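**Student:** The sequence and its predicted three-dimensional model are supplied below.
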Amino acid sequence: MREIEAIAPNLGDQMYLYRVTPGFADPPLCTIHELETVYTIDHLANFHEILDLRQAARAKAEREVRRRQQDARDRRGRR
């Protein structure tokens, strides 16, 4: 947290700002300018749902990788 405060001291305790947002996603879903001028609150809600789906898919893939790695270790241990 201190590192963040050193870089961005004006953020204070606004931790919600650290959540991945449409403009800061990788890859970005839109630019900050588009978010401020083009899109509606409904678009923003949809962007956040997309980000939530990405996060859920990533977590599922990571669980699957760990499961397969554990299965491979178990098979090696049985030999």
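**Tutor:** Thanks, I have the structure now.

**Student:** Where does pLDDT dip in the protein?
**Tutor:** 1-2, 4, 7-20 (pLDDT under 70).

**Student:** what do you get if the cut-off is 90, keeping everything else the same?
**Tutor:** 1-33, 35-36, 44-45, 48, 51-52, 54-55, 77-79 (pLDDT under 90).

**Student:** quick one: the helices in it?
**Tutor:** 2-7, 32-37, 41-78 (DSSP state H).

**Student:** you'd agree Cys30 is up against Ile50?
**Tutor:** No. Assessed by Cβ atoms under 8 Å, Cys30 is found out of contact with Ile50, at 10.8 Å. Just so you know, the C-beta spots here come from the backbone N, C-alpha and C atoms, and that holds for glycine as well.

**Student:** Looking at these two, which is more packed in?
**Tutor:** It is Cys30, of Cys30 and Ile50, that has more neighbours when counted by other Cβ atoms under 10 Å, with 17 against 13.

**Student:** check contacts around that one.
**Tutor:** 22-23, 38-39, 47 (Cβ atoms under 8 Å, 6 or more residues apart in numbering).

**Student:** How about Thr31?
**Tutor:** Taking Cβ under 8 Å, 6+ apart, one finds Gly23 in contact with Thr31.

**Student:** roughly how far apart are it and Leu44?
**Tutor:** Distance of Thr31 to Leu44, computed by Cβ to Cβ, to the nearest Å: 13 Å.

**Student:** and Leu44, what does it touch?
**Tutor:** Taking Cβ under 8 Å, 6+ apart, one finds 22, 35 in contact with Leu44.

**Student:** now swap in Ile32 and tell me
**Tutor:** So Ile32 contacts Gly23 (Cβ under 8 Å, 6+ apart).
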